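**Q** Quick one, what's the 3D model for this:
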Amino acid sequence: MDKFIHIVFGDSAAGTLRYFFKNNETEYKGEIINFREDYSIGPIYEMDTEIGLKKRIRWFEKMFKQVCIEDYFEDIEKEFIDTYESIKNIDQDAKIIIWHGENTSDQVGIRYLATALKNKELYEVNISDSYIKDYNDNLYKMRAFGECSPEEINHLILTMKKLEKEKWNDFISDWEHLRKSKENLRILKDEIIGVDESYYDQEILSNCTFNFKKAARIIGATMGKSDQLVGDTFIDYRVRKLIESGKIEYQGKLETMRDFEIRVAGSLNEFFVKLFKKNCEIDEDGFYHYLLEEKENDLVVDTTNINKWNTIDLSNKLILDYDEHNMFSLTWFKDGRDIIRINHSLVGNTEHKIEKYEDKNGEEIKTEAIILFLENWIDQYLEIQIKPYIRIDFKN
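**A** Next comes the predicted model:
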């Protein structure tokens, strides 16, 4: 009987395969080796040497300590070394099956393994080559083995194929390049690319709002919206870095991601003060008020106190009202009519957008707009164009 060794990446994948073998009779049953680490993160420079591996381990220890989960990895060094030793000790006559998907960690991992096991008999199961059905019977491709259920393994294991020599050599060549890379973060596009550790920071910030939300919720949203398969531990780690840099504020205990809330640094008032270079007085009700008007092909911004409004012509004005809690209202008077009114909407985030284009006469047109992401609007945002003329749109 053939001796099979299955190599998987991650606890979820290992658990799924163990469950399948326990509950199904199959000729492919065999030992499971689990690579728990994430090859998309951490240094891999000369990782196949003792010094390189030690540097990788120290980096993970530092990250786990920062996100307060070091208790789960009390003996990380022993676990790392034992895993790599288990690869070296695989019998020469074993058939080695590497389960992988189209994600950065797996694709770096299989390139490392193709090099470390170059004198063995290698097979692969690329779970991303197969379509499965979701709960609504829609077909989709999995990015990682951990996304599949035990019921799908019967089909997936039949897609196993021997690693062809040309592909094997390509993997080895890729690894020789990767092992010399000095970035601590990698992504998968058409190829594996090293990027700066701050790569996901803008995505994290875009999911934060001016209002406090559970860090775990922001981390989950960042993972869900990313085109990369990235783990919550690394995103949590970057949240702490953004807190250190002052770009994110927090409240609660800075322990696990469920113990504190975060928001983007700043407020709606800071945004408008910086944009218009005018600071409003706050009225007795706790609101700031800006009056915007098109005048002689320019934008006039008026911060006159609301108590003096009875002397102001409101026939063609855009009025922006908001308070210190980022609660926003808008009223647009056009030709003496109240044509748009938005009342008491909580602003989550803002953006100042400037674009240039040529009109049909070849003249350059510059537009300037305020983007408001309102928390009670799902998949929609408010765009207030302020130059070259005032216009208001609701966009998806």
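**Q** can you pull the contacts of the residue nearest to residue 220 when sequence neighbours are not counted?
**A** Spatially, and ignoring its direct neighbours in sequence, residue 220 is nearest to residue 232 (7.2 Å; CB to CB, 6 or more residues apart in numbering). Where you see a C-beta, it was placed from the backbone N, CA and C, and this is true even at glycine. Neighbouring residues of residue 232 by CB atoms under 8 Å, 6 or more residues apart in numbering: 216, 219, 220, 223, 257.
**Q** Check the secondary structure at the first one for me.
**A** The local conformation at residue 216, judged by DSSP: H, G, I helix; E, B strand; the rest coil, is helix.
**Q** show me what contacts the residue lying closest to it once chain neighbours are set aside?
**A** Leaving aside its chain neighbours, residue 216 sits nearest to residue 257 (4.4 Å; criterion: CB to CB, 6+ apart). When contacts are counted by CB under 8 Å, 6+ apart, residue 257 is found next to 67, 214, 215, 216, 219, 232, 236, 239.
**Q** How about the backbone phi and psi for residue 257?
**A** Phi and psi for residue 257, reported as degrees, to the nearest 10, are phi -60, psi -20.
**Q** so how far is residue 346 from it?
**A** Going from residue 257 to residue 346 by CB to CB, to the nearest Å gives 23 Å.
**Q** Same check on residue 169?
**A** Distance from residue 169 to residue 346, by CB to CB: 57 Å.
**Q** Look at the two and report which has more neighbours.
**A** A direct count of neighbours by other CB atoms under 10 Å for residue 169 and residue 346 places residue 346 higher, at 17 against 12.
**Q** residues contacting that one?
**A** Shown in contact with residue 346 (CB under 8 Å, 6+ apart): 211, 325, 326, 327, 328, 374, 375, 376.
**Q** Quick check: the fifth one touching residue 342?
**A** Yes - applying CB atoms under 8 Å as the test, residue 328 and residue 342 come out as touching, 7.4 Å apart.
**Q** which stretches of the stretch 251-396 of the chain form helices?
**A** 268-276 (DSSP state H, counting those that start in this stretch).
**Q** do the stretch 101-250 of the chain as well
**A** Under DSSP H, counting those that start in this stretch, the stretch 101-250 of the chain gives helices at 104-116, 153-156, 165-178, 201-207, 215-225, 232-244.
**Q** What distance do you get for the closest residue to residue 281 other than its chain neighbours to residue 201?
**A** Spatially, and ignoring its direct neighbours in sequence, residue 281 is nearest to residue 305 (5.8 Å; CB to CB, 6+ apart). To residue 201, residue 305 is 40 Å away according to CB to CB.
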